[in-house]
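Colleague: Give me a 3D structure for the following:
(2 chains)
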Amino acid sequence: MTANAFSDGLASIVQWQNQYLENMKSLFPGATPPRASNPWSAMFDGFSSGTNQQGVANNPFGDGLQNQIALMMKMTRNFTDNIESALTAAQQSGEQWQSTISKSLDEMQANFSSPQAPGFSSMNFSGPWNESWMAWQQLFNPSSAHTSVNPWPVNPWAEMNPMSSSSGFPNLTGKWPTMPGLGPDREKFEKLQRLQSLGHDYMTASFEFNEQYRNFWPHIIERLKSRIQDTTQSSDGPAPSARTLYNLWIDAAEEEYATITGQDSYQLAYGRMINAMMALRQASTVLQDDLLKAMNIPSMRELDTLSERLQRTRRENRGLRAELQALRDEISAINQAVSSRQDSSTTPRQKTSARKKTTRTKAAATKSV
Amino acid sequence: MTVQMDKMTQEAMDFTRNLGISIQNMREAGEIDAGVTPKTVIYEEDKLKLYRYQPLADIVQNKIPTLIVYALVNRHYMTDIQEDRSTVQGLLETGQDLYVIDWGFPDRSDRFLTMDDYINGYIDQCVDVIRRRHKLQKINILGICQGGTFSLCYTTLHADKVQNLITMVTPVDFHTEDNHLTKSAKYLDIDLLVDTIGNVTGDMMNASFLAMQPFRLMGQKYVDAVDILQDKNKMKNFLRMEKWIFDSPDQAGETFRQFLKDCYQNNALVKGELKIGGQLIDLGTLTLPILNIYGEKDHLVPPSASKALKDHVGTRDYSEISFNGGHIGIYVSGGAKKQIPPAIGAWLNERTAS
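Modeller: As a prediction, this is how the structure comes out:
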């Protein structure tokens, strides 16, 4: 960073944070915390290291969610990097800060407008939804000797992630056999073919989903520029703070995001992506169940059957309990009616013996129930 | 107008200081507690626990107890997250005798729990337990969010057991224009989803909620947190909320299936087509006193979705409270504590025969 008070301030934060990360490293010798270069990203590193988010590694969905939060923090870092260098440049050259920021935003917009631009591919709003993709990759990874169902020596899907694809959807026609199988492994072969086909559907749907965000970044920056202009024109006070600029960026991003996600075409693409993912996962589960069966381990299908039967039994028990209670209430009402009838037609002495008798009857009834 | 570098520098230095103290505080935070009011387990069934909150001494008690039915999403302690922001505390102060259902964490063995099991099974059982304890024919119910929808269904089916009904941030009409959750579920094949994954995980639910406002909820929130984490009390409050947000039980698959298909996709509740345990839910049969509370800035259950209740119930004693806040703020903000529990308490006390 160059010598100006703003950058120096940021540098001291980074220095402090790196010290913190070093401390973390000494606490967890196996861990390799990243070096902080920007306070915003380092803040997140601090949060995640300190709270040991590695614990979610066994939960691909939670991991995806965590990555999504990390992505948001990285975007903050990128944004503040740009703002910071614009402000530094403005101070050095004596320029108006608005024009410097505007120039910087123009450059960002130009970068984001190109599909090949760095940053475009990092935009991945389906992070948590990658779970099925990852599970499927694992299932087809020939090096996973114990879990792979892939009979072929290669994984045709390796290195292809439609979630971050930026250069068009790959043509995969002919990448896997489509001819019906023969012989004892015919059924298994058919399941694998189905899995491959569903994988292709999922990749297509995922690509179409990501396409919804194609002009996302340029539009955000357009909105941001307009907001900065509005702020500049409407305010007679001092220049806005870095936080104000950040908040304007968030407002612009949320506004654009709401515009995209509010469209029916987006909802349709989202629905198709999730449905394709579920179909793929269902087909994967069938093969996983076959593997479990081979290892003499209860399959998901078997567990579901048991759970369903159990729930049916619980429901029946509930009904029986209700009937039992109704019968108890009925008996109690009858006893009360008998008791009051006897009360009204007997002498005090007779009443006492009748009450005793009723109590015995009640006890007997409860016992027999 | 020019850049005021001295101010920018000050901002950076403030941020440095706050961040340093924040991280130090985070390291010393210790266990994050939530749910502050003393309570006792009254009844247990499967993973469910029915609690009774300890009533406050020296306060005249409302003779009719109130059962809080929380959503299956997240945990019931939202209403009692900390002492100075507890809806439960506020209600106890008005003399209410409170019970709450803790649904627990459903696992794979609970996959086939249906809305019928929850409503005619668990809720009904809890209501009966309370009725027996208090020797009463009817009790009050306070349903929250999805728990409010369940409470409406329950009251329709068991009107003889409910004296007064309060619904908070409760979706009723799922097809209002501003309901973004409905839009995101529009093209989902729910049958395929549930058949495939069984229970819907808490992480999936969280992803859906965070996706409503991803920049604010996953970015801005944590940047803004640096401003408050330097204060140990505020940090604890923040971490309690974080705990609540991500302390998310899975959703029993069959319940999720019916709730999403019937309510979100087909809007069956207001159409009078929703069936629970084979019985149609007709909101028009509800003639008991109803208090409906909604948040004006609720982005999960928009006011329009809640306010629709008025047009579908048969009662002449219908009241509304509009709160200037969101889905969560209605329980945890300082403003809510002052407005909502006293209003509920007064409404209940007015309607309870002495």
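Colleague: got the contact list for the nearest residue to B:Met235 once chain neighbours are set aside?
Modeller: Closest residue in space to B:Met235, ignoring its immediate chain neighbours: B:Leu229 at 4.5 Å, by CB to CB, 6 or more residues apart in numbering or on different chains. (C-beta placed from N, C-alpha, C; glycine too.) B:Leu229 makes contacts with B:Asn18, B:Ile21, B:Ser22, B:Ile23, B:Asn25, B:Met26, B:Met235, B:Phe238, as judged by CB atoms under 8 Å, 6 or more residues apart in numbering or on different chains.
Colleague: again with B:Arg52
Modeller: B:Arg52 neighbours (CB under 8 Å, 6+ apart): B:Lys39, B:Thr40, B:Ile42, B:Asp97, B:Leu98, B:Tyr99.
Colleague: try it again with 7 Å
Modeller: B:Arg52 is in contact with B:Lys39, B:Thr40, B:Ile42, B:Tyr99, counting by CB atoms under 7 Å, 6 or more residues apart in numbering or on different chains.
Colleague: repeat for B:Ile281
Modeller: B:Ile281 neighbours (CB under 7 Å, 6+ apart): B:Cys153, B:Thr156, B:Leu269, B:Leu274.
Colleague: Show the contacting residues for the first one.
Modeller: The neighbourhood of B:Cys153, defined by CB under 7 Å, 6+ apart, consists of B:Ile119, B:Ile276, B:Ile281.
Colleague: Spatially nearest residue to the last one (excluding sequence neighbours)?
Modeller: Nearest residue to B:Ile281 in three dimensions, chain neighbours excluded: B:Leu274, at 4.4 Å (CB to CB, 6+ apart).
Colleague: again, but for B:Asp247
Modeller: B:Arg75 (5.5 Å).
Colleague: same check, this time on A:Asp251
Modeller: Per CB to CB, 6+ apart, closest to A:Asp251 is A:Arg227, 6.7 Å.
Colleague: Help me confirm that the one you found comes into contact with A:Leu248.
Modeller: Yes. At 4.7 Å, A:Arg227 counts as touching A:Leu248 under the criterion of CB atoms under 7 Å.
Colleague: now the contacts of B:Cys153 as JSON lines including secondary structure and pLDDT?
Modeller: Output for the contacts of B:Cys153, formatted as JSON lines (DSSP: H, G, I helix; E, B strand; the rest coil; pLDDT from 0 to 100):
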{"residue": "B:Ile119", "secondary structure": "helix", "pLDDT": "97"}
{"residue": "B:Ile276", "secondary structure": "strand", "pLDDT": "97"}
{"residue": "B:Ile281", "secondary structure": "coil", "pLDDT": "97"}
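Colleague: now, which of the residues you listed sits nearest B:Ile32?
Modeller: Of all these, the one sitting nearest B:Ile32 is B:Ile119; the distance, using CB to CB, is 32.4 Å.
Colleague: The closest one: how many residues sit nearby?
Modeller: When neighbours are counted by other CB atoms under 10 Å in any protein chain shown, B:Ile119 registers 25.
Colleague: now swap in B:Ile290 and tell me
Modeller: 22.
Colleague: And the strands in chain B, which stretches?
Modeller: For chain B, strands defined by DSSP state E occupy the ranges B:39-45, B:48-53, B:66-69, B:98-102, B:139-144, B:162-168, B:275-276, B:279-280, B:290-295, B:318-323.
Colleague: residues in contact with the closest residue to B:Val200 other than its chain neighbours?
Modeller: Nearest residue to B:Val200 in three dimensions, chain neighbours excluded: B:Gln251, at 4.3 Å (CB to CB, 6+ apart). With contacts defined as CB under 7 Å, 6+ apart, the neighbours of B:Gln251 are B:Leu72, B:Asn199, B:Val200, B:Met205.
Colleague: can you give me the helices in the stretch 251-354 of chain B?
Modeller: Assigned by DSSP state H, counting those that start in this stretch, the helices in the stretch 251-354 of chain B fall at B:253-258, B:268-271, B:303-307, B:329-332, B:334-350.
Colleague: out of those, nearest to chain A?
Modeller: Among the helices of the stretch 251-354 of chain B, helix B:253-258 comes nearest to chain A, with 8.2 Å by CB to the nearest CB.
Colleague: pLDDT weak spots in the stretch 1-150 of chain A?
Modeller: Applying pLDDT under 70 to the stretch 1-150 of chain A flags the ranges A:1-104, A:107-150.
Colleague: re earlier: my guess is the residue nearest to B:Asp247 contacts B:Ile245. True?
Modeller: No. Applying CB under 7 Å, one finds B:Arg75 not in contact with B:Ile245, separated by 10.1 Å.
Colleague: Tell me which of those two has more neighbours.
Modeller: Between B:Arg75 and B:Ile245, B:Arg75 has the larger neighbour count (other CB under 10 Å), namely 20 against 16.
Colleague: Please name the residues that touch A:Gln267.
Modeller: Contacts of A:Gln267 (CB under 7 Å, 6+ apart): B:Lys183, B:Ser184, B:Lys186, B:Tyr187.
Colleague: Out of these, which is nearest to chain A?
Modeller: Chain A lies nearest to B:Tyr187 out of these, by CB to the nearest CB, at 2.4 Å.
Colleague: who's in contact with the closest residue to the closest one other than its chain neighbours?
Modeller: Nearest residue to B:Tyr187 in three dimensions, chain neighbours excluded: A:Gly271, at 2.4 Å (CB to CB, 6+ apart). Counting by CB under 7 Å, 6+ apart, A:Gly271 touches B:Lys186, B:Tyr187, B:Leu188.
Colleague: Can you report how many residues lie near the last one?
Modeller: B:Leu188: 20 surrounding residues under other CB under 10 Å.
Colleague: which phi and psi does it have?
Modeller: Backbone torsions for B:Leu188, taken as degrees, to the nearest 10, come to phi -80, psi 140.
Colleague: For the closest residue in space to it that isn't next to it in sequence, what is the enclosing helix or strand?
Modeller: Distance criterion CB to CB, 6+ apart; nearest residue to B:Leu188, sequence neighbours excluded, is A:Gly271 at 5.2 Å. Element membership for A:Gly271, per DSSP states H and E: helix A:264-294.
Colleague: I would like a ChimeraX command selecting only the buried ones among the contacts of A:Gln267, please.
Modeller: Here is the ChimeraX selection string for the buried members of those, based on 16 or more other CB atoms under 10 Å in any protein chain shown:
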select /B:183,184,187
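Colleague: Distance of A:Gly319 relative to B:Asn140?
Modeller: For A:Gly319, the distance to B:Asn140 (CB to CB, to the nearest Å) stands at 27 Å.
Colleague: more crowded one of these two?
Modeller: Of the pair A:Gly319 and B:Asn140, B:Asn140 is the one with more neighbours under other CB under 10 Å, namely 27 against 12.
Colleague: hang on, the more buried one packs against B:Lys63?
Modeller: No. When contacts are counted by CB under 7 Å, B:Asn140 is not listed as touching B:Lys63 (10.6 Å).
Colleague: I'd like the distance between the residue nearest to B:Val200 and chain A.
Modeller: Using CB to the nearest CB, to the nearest Å, B:Gln251 is found at 14 Å from chain A.
Colleague: State the distance from that residue to B:Tyr154.
Modeller: Separation of B:Gln251 from B:Tyr154 (CB to CB): 19 Å.
Colleague: what do you get for B:Gln163?
Modeller: Per CB to CB, B:Gln163 is found 13 Å from B:Tyr154.
Colleague: Neighbour count: the two, which is higher?
Modeller: B:Tyr154 (27 against 19).
Colleague: and the residue in the stretch 201-350 of chain A positioned nearest to chain B, what pLDDT?
Modeller: For the stretch 201-350 of chain A, the residue closest to chain B is A:Gly271, as judged by CB to the nearest CB, at 2.4 Å. Predicted confidence (pLDDT) for A:Gly271: 94.
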